[in-house]
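Colleague: Pasting the sequence and the predicted coordinates here, then a few questions.
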Amino acid sequence: MVIPTKPHATLLASPGLGHLIPMVELANRLTAHHNFHVTIFVVTMEPGPNKPNLLPNQPNTLKPLYDLVVLPYVDSSAHMGPSDKIMTRLVIMMRGYVSSLRSELGSMEQNPTLLVVDLFGTEFLTLADEFNMIKYVYIPSNAWFLAQTVCVPLLDKQVKHEGPLIIPGCKRVEYDDILDPVFDPENKDYDEYVRIALDIGTADGVLVNTWEDLEPTTLFSFKNNKVLKEIFNKPVYPVGPLVRPVRPECLGEELSEWLNKQPKESVLYVSFGSGGTLSSQQTIELALGLEISQQRFIWVVRPPIEHDGAGALFHAMDGQDHMISQYLPPGFMTRTRNLGKVIPMWAPQMEILAHPSVGGFLSHCGWNSTLESLVNGVPIIAWPLYAEQNMNAALMDEEVGVAVRPKVLPTKVIVGREEIKKLINKIMVDDEGIKIRERVKEVQGYAKRALTTEGSTY
């Protein structure tokens, strides 16, 4: 009698929790539902033995469902120029780890059968050919972003600052929402983005952290639109929403007690993700907007970064400065002490969004945060900062109908306190926000259904 071994999936995650958390959730689904043995390889941005700070998906007393291997640090700084932007730097860094993963795959006792890489790991797909593995790309974002990406090579460096991108069978991408590399075909980011798009076409298929009811038109077009199929003819599988499960104990006693005392859906949660921060002026305007709205809030505050006056940008925080009050308007903490909570640097986001007292989320619209809001039925005030977040905001506002946006782009203009007040009140208390609050509950139901055995994701 021959006893078959488990299929072995190898997952490769780019640096940052925004890419790692969706990979972890995918690993858990592959092990729980399909009996895979999964190894997640993680690329690190700095030397050191520490493993990524993940919140486990099962009680601490249980062994994780997957193996987590941190690849030894590779210093690629010599290959980076001072003008290289974040996408180019990530790609160069990832490129330096190809030989490390090759060695790890070659030393495994069981020959791996499946390789899954994220958007910045597409150059590793050639290793799947060396080891005779099935190969997939996992997009930890939405199908609309995937559609834009695979269509970019057709632009042939002819994109001008003139109008929207037309994607066959899909919602067009308006000028202000286009991903930055597409704007400037002369920089390295554009070349790397085009290469990534072409690499995706060499995979056996693509997994996307979305579901049929959320993006029916785009997913239908990948299957049935003749023009889009000529551009990209590989299967696209919606596997979302993959978000980490709620662990109530992460709230902590003080925050949990405070939330429990607040009325249902009365608290606005404000956070810009693990890599977002605001300018000093925008931080002050946001503080005053929260104050004059007179709505309850939880605000995760990071020290601002000074720059040319734009409202927001990506900035990797080192966590060294927790004296948050010095960056807020004088007397703000005293005046709002009975209204809200100011939390420095980090908060248990999924647990906060899942609490019945939370009724709105002022968010940078990173895709993980967006999904966490949707699965908990929380409407969004969209405040995009970088990457594809403008597209996410547009999708939530114009297509899904669960969000509102400022009249100006926060990355280009300071959003004033009065507009912030109006956005908050619209979501939290105004009659015109009722439809948005009702709609997000519908989407929450669709998200739950997608993960059942009858759903599109299962």
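Modeller: The structure has been received and is ready for your questions. Numbers count the residues shown, from 1 in each chain.

Colleague: just checking, Arg335 touches Leu288?
Modeller: No: taking contacts as CB atoms under 8 Å, Arg335 lies outside contact range of Leu288: 10.1 Å. Quick note: C-beta positions are derived from backbone N, CA and C, even for glycine.

Colleague: Looking only at neighbour counts, state which of these two leads.
Modeller: Between Arg335 and Leu288, counted using other CB atoms under 10 Å, the more crowded position is Leu288 (18 against 12).

Colleague: Mind pulling up the pLDDT for the residue nearest to that one when sequence neighbours are not counted?
Modeller: Leaving aside its chain neighbours, Leu288 sits nearest to Arg417 (4.1 Å; criterion: CB to CB, 6 or more residues apart in numbering). Per-residue confidence at Arg417 stands at 97 (pLDDT).

Colleague: quick one: Arg417 from Ala287, how far?
Modeller: Relative to Ala287, Arg417 is positioned 8 Å away (CB to CB, to the nearest Å).

Colleague: At which residues are the strands of the stretch 1-150 of the chain located?
Modeller: 8-13, 37-42, 67-70, 114-117, 134-139 (DSSP state E, counting those that start in this stretch).

Colleague: and those strands as CSV, adding distance to Glu257?
Modeller: As requested, the strands of the stretch 1-150 of the chain are exported to CSV (distance: least, CB to CB, whole Å):
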stretch, distance to Glu257
strand 8-13, 36
strand 37-42, 36
strand 67-70, 34
strand 114-117, 41
strand 134-139, 39
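
Colleague: of those strands, which approaches Val182 most closely?
Modeller: strand 134-139 (16.8 Å; CB to CB).

Colleague: who does the closest one pair up with?
Modeller: Sheet partners assigned to strand 134-139 using DSSP bridges are listed as strand 114-117 (parallel), strand 205-208 (parallel).

Colleague: Now Glu419: which helix or strand?
Modeller: helix 417-428 (DSSP states H and E).

Colleague: Pull the contacting residues for the nearest residue to Met391 once chain neighbours are set aside.
Modeller: Leaving aside its sequence neighbours, Met391 sits nearest to Asp177 (CB to CB, 6+ apart; 5.2 Å). Contacts here follow CB atoms under 8 Å, 6 or more residues apart in numbering; on that basis Asp177 touches 390-391, 393-394.

Colleague: among the residues you listed, who's most crowded?
Modeller: Most surrounded of the contacts of Asp177: other CB under 10 Å gives Ala393, at 26 neighbours.

Colleague: Tell me which residues touch the nearest residue to that residue once chain neighbours are set aside, please.
Modeller: Among residues not flanking Ala393 along the chain, Ala382 sits closest, at 3.6 Å (CB to CB, 6+ apart). By CB under 8 Å, 6+ apart, Ala382 lies in contact with 363, 365, 392-393, 396-397, 403-405.

Colleague: ok, 7 Å please
Modeller: Listed by CB atoms under 7 Å, 6 or more residues apart in numbering, the contact set of Ala382 reads 363, 365, 393, 396-397, 403-405.

Colleague: what's the answer for Pro241, then?
Modeller: Counting by CB under 7 Å, 6+ apart, Pro241 makes contact with 209, 211, 371, 374-375, 447, 450.

Colleague: now Ser456
Modeller: Contact analysis of Ser456 by CB under 7 Å, 6+ apart lists 211-212, 238, 450.

Colleague: where's the closest residue to Ser280 other than its chain neighbours relative to Gly121, distance?
Modeller: Excluding the flanking residues, the one nearest Ser280 by CB to CB, 6+ apart is Pro304, at 4.4 Å. For Pro304, the distance to Gly121 (CB to CB) stands at 32 Å.

Colleague: quick one on the thing from earlier: more neighbours, Arg417 and Ala287?
Modeller: The neighbour comparison of Arg417 against Ala287 (other CB under 10 Å) goes to Ala287, with 23 against 19.

Colleague: Contacts for the strand or helix carrying that one, please.
Modeller: Here Ala287 sits within helix 280-293, counting by DSSP H and E. Identification of contacts with helix 280-293 by CB under 7 Å, 6+ apart yields 278, 297, 299, 304, 306, 311-312, 327-329, 332, 335-336, 340, 414-417, 420-421, 424-425.
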